[in-house]
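Test case, fold it:
(chains A and B)
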Amino acid sequence: MTVEQAGRRGPVVHVDPVDAELELEPDETIIEAAWRLGYHWPTTCHGQATCTVCHVEVLSGAEHLVPPDDEERDALETRLPGAQRRDLTRIRLACRARATGDAVVRKKGVRPTQTVPIPPTGPL
Amino acid sequence: MSVTDERRKAAARPVPFGMRDRLRVPKERYYDREFFELEKEHLWPRVWQMACRLEEIPRPGDFVEYEICDQSVLVVRQPDGSVKAFHNACRHRATQLCKGSGRLPGGQIVCPFHGWRWNLDGTSSFVYGADGFAPECLRPDDIRLRECQVDTWGACAWINLDPDARPLREALAPAADVLDTVGVENMRVWWWKETILNANWKTAQEAFHEGYHVMATHPQLTSGLGEDYPYANTEYTAFENGHGRFQGRFDPSAGGVSQGRPAQAFLDRSRTLWEGQDAMTLERDLHVFRGMRNRVPPSEDFPTAAIKALSDYAQGAGIPFHPTPEGMRLWGGEVFLFPNFMVLPQFGNALSYRIRPHNDDPEWCRFEVWSLTMYPEGDEPGRAKLKGRFAPDDHENWGLIPRQDFSNIERMQRGLHSRSYEQHRLATEMEQIISNMHAELDRYLAG
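This next block holds a predicted model:
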């Protein structure tokens, strides 16, 4: 089903196992949509395509994800543990992947944000 | 604007190889290590400098790293569209936080070493393992990113490492006001390239502080006049605060510096300028000018009619090009903003240069060139990106005009080391922008 047929504004990425529906805004990556919609998403570099901790397994709709750019491909090939043994056509970085249509991905550790952001008075 | 300027206290420290008058520049100022270290200590940490074009950081969370000598500053677009600048060092163990340019998509500046994080406004948002630190090591005010002064003008962000520096527009006066007359605020990047030159940063920029070099360096621009090419029709002005300007002496109410030039000569020169650097005169301008070729009666001044046509075209296309008499006087001239930034306007376009020391070496510099133009409103180009770093003699990426200039710059730096050579001898009027810059530099170094 295409986006137009569904009558929605943007493509939806379904995230298992948390069962989250992320509707992506134009130019938005999966992780940015998750942050905007109040989900915690595992990462340490927060969108710099260096840690690869945010990577997802694509269960369906891989053809609806914009192909990886050089930066993402390089991160997956050289920084993802066990990259040689894995099918990299089914792994994407949530901080780089944008969508043109619906897709389903699996990512452990995604959860609704339970803590409030740390106030300007500091982390303690 | 004289050497005895009273803005700062009487010289607090002696300046080696200082300027004794406005006609000579001691050669050591261009390669001496001690002099270079004085610039690093007393000029760069205290002067307003162009840190980036605002098109490099169009969206909230976009950043650019600005490097000057051994200092690195992050310029960050805020959620409300304003701009902040931070010293680029983690408050924990000094790691440089961001490099180059890019986006901070989560609105977080993250240290790659231990994962400490900050919001776009510099406030601390996360300390991993915070309970492992003594509370006095994590005071919020201590661990927030150190801000540095930042302001915007001329579609650029400017920074100053000195928290007590005077306001930007005061420091840029009167040069910024002069450039406002050509609409620099409306100009955007057409292309942006850089080269690395084996020359002191001042050697490099001083090749552009006069039009006196055109006859010998750019013979293709002399319309075949050779040594008869006129040099006296340019007016040079040394401004306060180290800035300067040169421009043609002509009636600003008519066809700019080209007034009186026959149609074919005007078209030929415009074409040579476009081919020679793809800047200041662009293909779009040529196209409009050529369209006027057989439509201007001989009794009328062709350049005046051609520029009127360009203005009409811009109006129809929604391009914010509004020539003013004062602005037109600057076409083909230059405004220099102390210490290292230049704008050379023509029509709705401009060339712009920024020159910085490179690799902590007084004999190398990083020379950036922007070709700027005005786009139709609502049709502005996307994020500005450096096209690349190209060798100074790369004829695929540099036009003839910059290659000619770059070539002389490196030869000048070689000549400075000649045991026979002591100091530059400057033309009183034509090279006063150079001496004025050095006089201002000495004020920084002395006080």
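
mind listing what B:K202 touches?
Counting by Cβ atoms under 8 Å, 6 or more residues apart in numbering or on different chains, B:K202 touches B:R29, B:Y30, B:M437, B:H438. Any C-beta I mention is one placed from the backbone N, CA and C, and that applies to glycine too.

State the phi and psi torsions of B:P345.
phi -80, psi 150 (degrees, to the nearest 10).

hey, what's it bridged with?
Beta bridges link B:P345 to B:A350 when assigned by DSSP bridges.

in stretch B:20-38, what counts as buried?
B:R22, B:V25, B:P26, B:K27, B:E28, B:R29, B:Y30, B:Y31, B:D32, B:F35, B:F36, B:L38 (16 or more other Cβ atoms under 10 Å in any protein chain shown).

Out of the contacts of B:K202, list just those in helices.
B:M437, B:H438 (DSSP state H).

nearest residue to the residue of the stretch 201-350 of chain B at minimum distance from chain A other than its sequence neighbours?
Closest residue of the stretch 201-350 of chain B to chain A, Cβ to the nearest Cβ: B:G318 (24.2 Å). Counting by Cβ to Cβ, 6 or more residues apart in numbering or on different chains, the nearest residue to B:G318 once its immediate chain neighbours are dropped is B:P376, at 4.2 Å.

Same question for B:G61.
B:L104 (4.4 Å).

Next one: the one you found from B:L138, what distance?
22 Å (Cβ to Cβ, to the nearest Å).

Just want to know which of these two has more residues nearby.
B:L104 (23 against 20; other Cβ atoms under 10 Å in any protein chain shown).

can you pull the buried residues of stretch B:13-22?
B:V15, B:F17, B:G18, B:M19, B:R22.

Closest to B:D361 out of those?
When the buried residues of stretch B:13-22 are compared for distance to B:D361 (Cβ to Cβ), B:F17 comes out closest, at 17.8 Å.

Show the pLDDT at the closest one.
On pLDDT, B:F17 comes in at 97.

For it, give me its contacts.
Going by Cβ under 8 Å, 6+ apart, the list of residues near B:F17 reads B:P26, B:E28, B:R29, B:D32, B:F35.

one more time with 10 Å, if that's ok
When contacts are counted by Cβ atoms under 10 Å, 6 or more residues apart in numbering or on different chains, B:F17 touches B:25-30, B:32, B:34-35, B:38, B:423, B:442, B:445.

Keep only those of those that are in helices.
Those of those mapping onto helices are B:E34, B:F35, B:L38, B:D442, B:L445, per DSSP H.

Name the SS class of B:V343, please.
Assigned with DSSP: H, G, I helix; E, B strand; the rest coil, B:V343 falls in the strand class.

Verify the contact between it and B:V178 for me.
Yes: under the criterion of Cβ atoms under 10 Å, B:V343 makes contact with B:V178 at 9.5 Å.

any shared contact partners between these two?
Counting by Cβ under 10 Å, 6+ apart, the residues touching both B:V343 and B:V178 are B:V184, B:R245, B:L330, B:G333, B:V335, B:L337.

most neighbours, which of those?
Neighbour tally across the shared contacts of B:V343 and B:V178 (other Cβ under 10 Å): the maximum, 28 neighbours, falls on B:V335.

neighbours around whatever residue of chain B ends up closest to chain A, how many?
Residue nearest to chain A within chain B: B:P140 (3.0 Å; Cβ to the nearest Cβ). A count of nearby residues for B:P140, using other Cβ under 10 Å, gives 15.

Just to check, it is in contact with B:W118?
No: using Cβ under 10 Å, B:P140 makes no contact with B:W118, being 11.0 Å away.

what sits in contact with each of these two?
Joint contacts of B:P140 and B:W118 (Cβ under 10 Å, 6+ apart) are B:S124.

At the contact with chain A, which residues of chain B appear?
B:59, B:61, B:98-99, B:102-112, B:114-117, B:119, B:121-128, B:130-131, B:133, B:135, B:138-144 (Cβ under 10 Å from any Cβ of the partner chain).

try it again with 7 Å
Selection of chain B residues close to chain A by Cβ under 7 Å from any Cβ of the partner chain yields B:103-106, B:108, B:110, B:112, B:115, B:117, B:123-127, B:130, B:135, B:138, B:140.

Just the buried residues from those, in PyMOL please.
Command for PyMOL that selects the buried part of the residues of chain B next to chain A, burial taken from 16+ other Cβ under 10 Å:
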select buried, chain B and resi 103+104+105+106+108+110+112+115+117+123+124+125+126+127+130+138
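
mind listing what B:A51 touches?
Contacts here follow Cβ atoms under 7 Å, 6 or more residues apart in numbering or on different chains; on that basis B:A51 touches B:Y66, B:V73, B:V75, B:A85, B:A157, B:W158, B:I159.

Show me the residues you listed that map onto strands.
B:Y66, B:V73, B:V75, B:A85, B:A157, B:W158, B:I159 (DSSP state E).

Okay, and the beta partners of the fourth one?
For B:A85, the beta-bridge partners under DSSP bridges are B:V75, B:C148.

Just the pLDDT for it.
We note a pLDDT of 98 for B:A85 in this prediction.

neighbours around it, how many?
So B:A85, with other Cβ under 10 Å, has 27 neighbours.

Do I have it right that it meets B:R146?
No: in this structure B:A85 lies outside contact range of B:R146 using Cβ atoms under 7 Å: 9.8 Å.

so how far is B:M187 from the residue nearest to B:G61?
In terms of Cβ to Cβ, B:L104 sits 27 Å off from B:M187.

Which stretches in chain A count as strands?
Using DSSP E, strands in chain A cover A:12-16, A:20-23, A:39-40, A:55-60, A:91-93, A:103-106, A:111-112.

deepest of these, which one?
Of all those, strand A:91-93 has the most neighbours on average by mean count of other Cβ atoms under 10 Å in any protein chain shown, namely a mean of 24.

Given that strand, what are its sheet partners and their directions?
strand A:55-60 (antiparallel).

Distance from the strand it pairs with to the middle of the chain?
Relative to its parent chain, strand A:55-60 has a centroid offset of 9 Å by Cα atoms, centre = their mean, to the nearest Å.

could I get it in PDB with only the CA atoms?
Output of strand A:55-60 as PDB, limited to C-alpha atoms (Å, rounded to 0.1, in the frame of the first residue of the first chain):
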ATOM      1  CA  HIS A  55      21.100   0.100  13.900                       C
ATOM      2  CA  VAL A  56      17.900  -1.700  13.000                       C
ATOM      3  CA  GLU A  57      17.000  -5.000  11.300                       C
ATOM      4  CA  VAL A  58      14.700  -4.300   8.400                       C
ATOM      5  CA  LEU A  59      11.900  -6.900   8.500                       C
ATOM      6  CA  SER A  60       9.900  -5.600   5.400                       C
END
